[in-house]
Each structure stands twice: as C-alpha cells, then as structure tokens.
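Enquirer: how would this look folded up:
(one chain, ligands or ions: 1)
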Amino acid sequence: MSPLCRIEGVLHYEGVSLERIAATWGTPCYVYSRAALTEAYQAYERALAGHPHLICYAVKANSNLAVLNLLVRLGAGFDIVSGGELARVLAAGGNPDKVVFSGVGKTEVEMRAALEAGILCFNVESESELVHLNRVAGGAGRSARISLRINPDVDARTHPYIATGLKESKFGIPYDQAYALYQEAAGMAHLRVTGIDCHIGSQLLDTGPFAQALERILTLADRLADAGIRLQHIDMGGGLGVRYGEETPPALSDYTQVLLRQLAGRAEHLIIEPGRSLVANAGVLLTRVLYLKHGQSRDFAVVDAAMNDLMRPSLYDAWHDVQPVRARSGAARRYQIVGPVCESGDFLARDRDLALAEGDLLVIGSAGAYGMSMSSNYNTRPRAAEIMVDGADAHLVRDRENIAQLLAGEHLLP
Ligand SMILES: *Cc1c(COP(=O)(O)O)cnc(C)c1O
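Expert: Numbering: from 1, shown residues only. You can find the predicted model right below:
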C-alpha cells in the first residue's frame, strides 16, 4: 500500500503532511516511509519462508544509514559493490556475515577490508579477479569464501543500461567458461568455493528470464556437484521490477514461486539481492515550483529539484508520477517539469497536465530507489536532505549538504 494519501486536500506521507516537511526542512528533499520499507521487506520474508534463504538488500539502490539500519533491525543481509558500501553497512550495524560483495572492479584495498570484516561471500566476476583475490587473501592470512557470478546469457527485456545478463555485457563469467573456472577456484589455497550467483538486470517485468537463468544455474550446480564441488548457496541477484506508472510487474509471490519451485528439495540456500523492489515505492522526492514559463510551444514548470537530484528521467528516460501536494482549481496546462541545471536533458517529467502556480509543492513518486544514491553535485548544487516518516513523526536522516562542504577538499595552486 502506498504511504501517500490526501488528507483535507494535502498530500501526506504516512501521517505527516508534506507541507509540514517542506516548511521544516526545505526543498528539494527525499521523504521515505518506515512502514512501506518494513512492509516491502517483510513481504519478501513471508514469500520465501518455505526455503532457507537470505535477503541481501542491494545497498546501491538507497544507501542512507537510517534505511540500512532499519533493514538491519528487520534481519536483512546486504549486497555491496564497493568498500564505501561496506563501511556504510558496518556503520549501520550490519552483520558482515550476511554481506555479499558484487562488482566487476573490486580493488585490493576493498578486498582486504572485506576479508578483515569477514564477509559471507565475494561474488567474483572474472578469472583475473579470482587470481587476485586468492593472492590478497593469502597475504592477509585469510580464506575468502567465493561464488562465481555467472552470465547466463538470458535476455531480461529491460532498458539496455540495466540489462546485465546478456553475453555482450561486462558483467559475470561466460556460462561456458564457468565450469572450468570453478575447478580452478577449487584448487586455490586461499579460496573456499561456497556459492554461485547471477544478476540478469533491473526492473524486470516478467518472471521468464529469472526461471531461465535459474535453470541454467542449477544445471551448472549439478555438474559441479558431480565433480565434487558442492555449493552451499545459490544467489539469484535482484532485479524484480516495480510499478512507476503503467507497468505491471509480477506479483512478489509469482516471482518467489518461480525460484522456490525449482529449488524445492535442494539443499542449497537461496540468496537474493533485491534493491529497487524494496525501496522504490517507499520514497518520494518533494520539490517546489520556482517559475512557470509559458513558451511559444511549450509550458515549463521550473522546480528546485533537478537531474543531479534524480537522474533517472535524464539517464533512462524514466517515467515518475508527479502530483501537486495541494490540488488547486483552475485550468490545467501541459507542463514540462524541469530543473535549474544547464542541460536540455534536465527534466523530471514531461507532458503532465497540471494546474500550477509558482511556489506550489510537487511530489515526484516512486523515488526511493536510485534517486538519492545516484545524485551528484553537478552545477555545484548541494545534495538534498533526506527525511524518514514513521507514523505521525518525521525524522531528518540526512542533513541537506551545504556549499562549504562542497568546496572543502579543493586546493588552489601554490
Ligand atoms: C544493482 C544490483 C542489484 C539490485 O538490483 P535491483 O534491480 O535494484 O533489484 C542486485 N545485485 C547486483 C549484483 C546488482 O548490481
């Protein structure tokens, strides 16, 4: 259920008026819902109850410490893609024994930090990485638990920038090389082979590719078992799509049934790495209309949030719902909702029929995933504040950045 509701004409998030949030902390700001996040996580737990499993939230979707800490309290593990994300998980109180480390370019420093923390598994993406990790683990006097990220060569039928499971992708180990590489890994002194993983893409709206990928993974796992390499877990990555507007993603239970059906009776634990589907619809971006510009052929609403705050529309041509916080009467016009950044690609939404006045607040929906975490300081814009609502309460969970913070760390020539 969406935490957005209109009370006496004013949009609220859970029990908190978005007008009150804007008055207290200013705009633009991200607003998250504790209840929505909790419900999304618990729905996964319920749906997977029939098989031993671990839900490793993909930190890159939204890495705010309060979000991570809430997931820690709910029992989540984490999928990280950098040493920075490991530091965040640890700072949020996460248990390293529930952390898997993905990514094609892990550095030696990151490997050492993860070994020292004692993470559950490195999801290794190439032969070179395997050799490197073995050496780093040996040097640190540790043993690294590893999984190979297999590229199952299935078409996830999603936006090309977020499809990762085709053979031309930079991600993972080609399916037909994986068996030999597992045998090589099994012979390395400082590695312990514990799993297999894949992640075929993001915002998948069909369960078919997951089923296909799992089938290929299980075939490989069986071949490995025949060769004496027994895996403890199968990690199917993330990627379940969400509804931004007109999409019809699979029901969570349909997705989990596809996985559980094929895993029935097998000993391997299931790991999944959902990001978007846990947080996208647990957050919104709140922004204020600065100027209305009625051009010759188009009407623009210039708002105080921009592509640096929410990159998805510019990067993927993504569609986000836009609603006025307080509906006003009067004739609607067809607006281009744009930010102040000096790029024609700086838009948040296009062709929206709205009745607006300068100073109005707008809510950009489904902004909890890949919103703040992809934000930047382009145009020397301080990044937005983040607020989490909890029933009738609202808490600032990240201060708005200030200009001094942006300039700190830069140096003039002597
Ligand atoms: C991004 C990513 C995820 C999460 O994907 P979502 O589409 O947000 O669920 C999971 N695993 C890996 C390896 C990723 O890169």
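Enquirer: Name the residues of stretch 168-185 that come out as buried.
Expert: Using 16 or more other C-beta atoms under 10 Å as the test for burial, stretch 168-185 gives 169, 171-173, 175, 178-179, 181-182, 185. For glycine as for every other residue, the C-beta is placed from the backbone atoms N, C-alpha and C.
Enquirer: Alpha carbons of that stretch, as PDB, please.
Expert: Presented in PDB, the C-alpha positions along stretch 168-185 are these (Å, rounded to 0.1, in the frame of the first residue of the first chain):
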ATOM      1  CA  GLU A 168      27.900  -8.900 -24.600                       C
ATOM      2  CA  SER A 169      27.600  -7.500 -21.100                       C
ATOM      3  CA  LYS A 170      30.600  -6.500 -19.000                       C
ATOM      4  CA  PHE A 171      29.200  -8.500 -16.000                       C
ATOM      5  CA  GLY A 172      29.900 -12.000 -14.900                       C
ATOM      6  CA  ILE A 173      31.700 -15.100 -16.300                       C
ATOM      7  CA  PRO A 174      30.500 -16.500 -19.600                       C
ATOM      8  CA  TYR A 175      28.400 -19.600 -19.000                       C
ATOM      9  CA  ASP A 176      30.500 -22.000 -20.900                       C
ATOM     10  CA  GLN A 177      33.700 -20.900 -19.100                       C
ATOM     11  CA  ALA A 178      32.300 -21.200 -15.600                       C
ATOM     12  CA  TYR A 179      32.800 -25.000 -15.100                       C
ATOM     13  CA  ALA A 180      36.500 -24.800 -15.800                       C
ATOM     14  CA  LEU A 181      36.900 -21.700 -13.700                       C
ATOM     15  CA  TYR A 182      35.200 -23.400 -10.700                       C
ATOM     16  CA  GLN A 183      37.600 -26.200 -10.900                       C
ATOM     17  CA  GLU A 184      40.500 -23.700 -10.900                       C
ATOM     18  CA  ALA A 185      39.000 -21.900  -8.000                       C
END
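Enquirer: Can you tell me which of the buried residues of stretch 168-185 comes closest to residue 216?
Expert: Of all the buried residues of stretch 168-185, residue 216 sits closest to residue 175, with 6.4 Å by C-beta to C-beta.
Enquirer: Who are the packing partners of the longest helix along the chain?
Expert: Ordering each helix of the chain by length in residues (DSSP state H) puts helix 208-226 first. If contacts are counted by 3 or more C-beta pairs under 8 Å, 6 or more residues apart in numbering; DSSP states H and E, helix 208-226 sits against strand 144-151, helix 175-186, strand 191-197, strand 233-235, helix 252-263.
Enquirer: middle-most residue in the protein, spatially?
Expert: residue 61 (2.0 Å; C-alpha atoms, centre = their mean).
Enquirer: Touching, that one and residue 282? I think so.
Expert: No - counting by C-beta atoms under 8 Å, residue 61 sits too far from residue 282 to count as a contact (10.4 Å).
Enquirer: what residues are shared contacts of those two?
Expert: residue 368 (C-beta atoms under 8 Å, 6 or more residues apart in numbering).
Enquirer: Okay, now the unreliable bits of this protein?
Expert: 161-162, 165 (pLDDT under 70).
Enquirer: Partner strands of the strand ranked longest in it and their direction?
Expert: Ranked by residue count and defined by DSSP state E, the top strand of the chain is strand 283-294. Next to strand 283-294 in the sheet, as set by DSSP bridges, lie strand 29-33 (antiparallel), strand 299-303 (antiparallel), strand 361-364 (antiparallel).
Enquirer: send the alpha carbons of it over as PDB?
Expert: Coordinates of each C-alpha in strand 283-294 appear next as PDB, following Å, rounded to 0.1, in the frame of the first residue of the first chain:
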ATOM      1  CA  GLY A 283      10.200   7.100  -1.100                       C
ATOM      2  CA  VAL A 284       9.300  10.300  -2.900                       C
ATOM      3  CA  LEU A 285      11.100  13.500  -3.900                       C
ATOM      4  CA  LEU A 286       9.500  16.700  -2.700                       C
ATOM      5  CA  THR A 287      10.200  19.800  -4.800                       C
ATOM      6  CA  ARG A 288       8.800  23.300  -5.100                       C
ATOM      7  CA  VAL A 289       7.900  25.200  -8.300                       C
ATOM      8  CA  LEU A 290      10.200  28.100  -8.700                       C
ATOM      9  CA  TYR A 291       8.900  29.600 -12.000                       C
ATOM     10  CA  LEU A 292       6.300  29.000 -14.600                       C
ATOM     11  CA  LYS A 293       7.400  29.800 -18.100                       C
ATOM     12  CA  HIS A 294       4.800  29.800 -20.800                       C
END
